[in-house]
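**Q** coords please:
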Amino acid sequence: MKRNKILWLKKCKKALVWVWNNFPFPNQFGACGNNVVLLYPLHIVSPQSVYIEDNVKLTNGLSIINAPTEKVIIKKYTEFAANCTIVTNNHRSTVGVPQFILGASHVNDKSGDVVIEEDVWLGAGATILAGVRLGRGCIIGANSLVTKDVPPYAVVAGSPAKIIKKKFNNTQIINHEKTLYAKDERLTPKQLEELDQVYFKGMTTFGTDGISEDDRRIIENTKRKLRFVEPKIL
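**A** As a prediction, this is how the structure comes out:
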């Protein structure tokens with residue numbers, strides 16, 4: 001009888017830990033901005049090291065595997081599709097240490113913070129590895145494996161992910177940023193030209209600036225429904 005009680009208590013403890021890790025409340029995060037949408041379950045190992053800005057959506061199935069010393073920073077306007085993964089450490093193979101022990105001991109881990117800049121879209125099943133920074137406005141294709149930094153407004157896909165398109169042309173980016181960011185936050189034409197030279201030579205664009213009046217009304221209704229926090233444009 002005593003043994004059964006102990007087993008029952010262990011199962012209860014395991015269930016409580018699972019709930020704690022998969023249904024984090026906003027006050028468990030290192031920071032959580034206004035109008036953050038959390039669609040559970042979300043498996044987050046160390047939510048106290050996750051920092052989220054305004055108007056961010058984390059969709060069910062997101063898994064953040066991070067130690068308390070490894071930060072994940074998610075900036076405003078970013079949205080995750082279902083079943084994305086962020087891993088902030090990588091086990092470095094070590095002579096004489098079997099993987100089973102290596103993973104649990106974290107000896108010779110290679111870890112790094114993950115930073116997701118503003119207005120990023122992560123497609124379903126995308127995986128982001130340690131030390132990666134996703135630039136403002138980039139798009140990560142479904143099931144992509146991101147192993148290195150992604151520049152602003154790049155569209156990447158594949159395993160490992162590579163740049164396949166540019167999100168907008170420079171005129172569209174300038175107009176887009178006027179609606180979302182204060183003047184001192186916006187990318188300058190010179191910065192955009194430099195990005196073109198390094199990353200986007202000969203590439204086509206993905207997005208559009210075409211929008212009807214009916215679409216504008218839909219957008220305004222959606223903002224009200226989602227309680228969108230309007231940016232302070234100066």
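
**Q** quick check, residue 175 in a strand?
**A** No. Counting by DSSP: H, G, I helix; E, B strand; the rest coil, residue 175 falls outside a strand, being helix.

**Q** list the contacts for it?
**A** Residue 175 is in contact with residue 209, counting by Cβ atoms under 8 Å, 6 or more residues apart in numbering. Bear in mind the C-beta positions are built from the backbone N, C-alpha and C, glycine included.

**Q** go with 10 Å
**A** With contact set as Cβ atoms under 10 Å, 6 or more residues apart in numbering, residue 175 has these partners: 168, 209.

**Q** The one 10 residues further on too?
**A** For residue 185, the set of contacting residues under the criterion of Cβ under 10 Å, 6+ apart consists of 118, 136, 177, 231, 233, 234.

**Q** any weak-confidence spans in the protein?
**A** By pLDDT under 70, the weakly predicted segments of the chain are 1-2.

**Q** Closest to the centroid, which residue in the chain?
**A** Nearest to the geometric centre of the chain sits residue 116, at 5.2 Å (Cα atoms, centre = their mean).

**Q** How about the secondary structure of the nearest residue to residue 22 once chain neighbours are set aside?
**A** Spatial nearest neighbour of residue 22, excluding adjacent residues (Cβ to Cβ, 6 or more residues apart in numbering): residue 41 at 4.0 Å. Using three-state DSSP, the structure places residue 41 in coil.

**Q** mind listing what residue 41 touches?
**A** 18, 19, 21, 22, 23, 24, 60, 61, 62, 63.

**Q** Please repeat the previous calculation with a cut-off of 8 Å.
**A** 22, 23, 60, 61.

**Q** By neighbours, which of the contacts of residue 185 wins?
**A** Highest neighbour count within the contacts of residue 185: residue 136, with 24 neighbours (other Cβ atoms under 10 Å).

**Q** Neighbouring strands - and their directions - for the helix or strand where residue 86 lies?
**A** For residue 86, the host element (DSSP states H and E) is strand 85-87. In the sheet, strand 85-87 lines up against strand 63-65 (parallel), strand 127-128 (parallel) (DSSP bridges).

**Q** Switch those over to CSV; also include mean neighbour count and distance to residue 103.
**A** CSV is the format used below for the strands paired with strand 85-87 (neighbours: other Cβ atoms under 10 Å; distance: least, Cβ to Cβ, whole Å):
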stretch, mean neighbour count, distance to residue 103
strand 63-65, 19, 11
strand 127-128, 23, 17
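
**Q** Quick check: which of the ones you listed is nearest to residue 13?
**A** Minimum separation from residue 13 across the strands paired with strand 85-87 (Cβ to Cβ) falls at strand 63-65, 21.1 Å.
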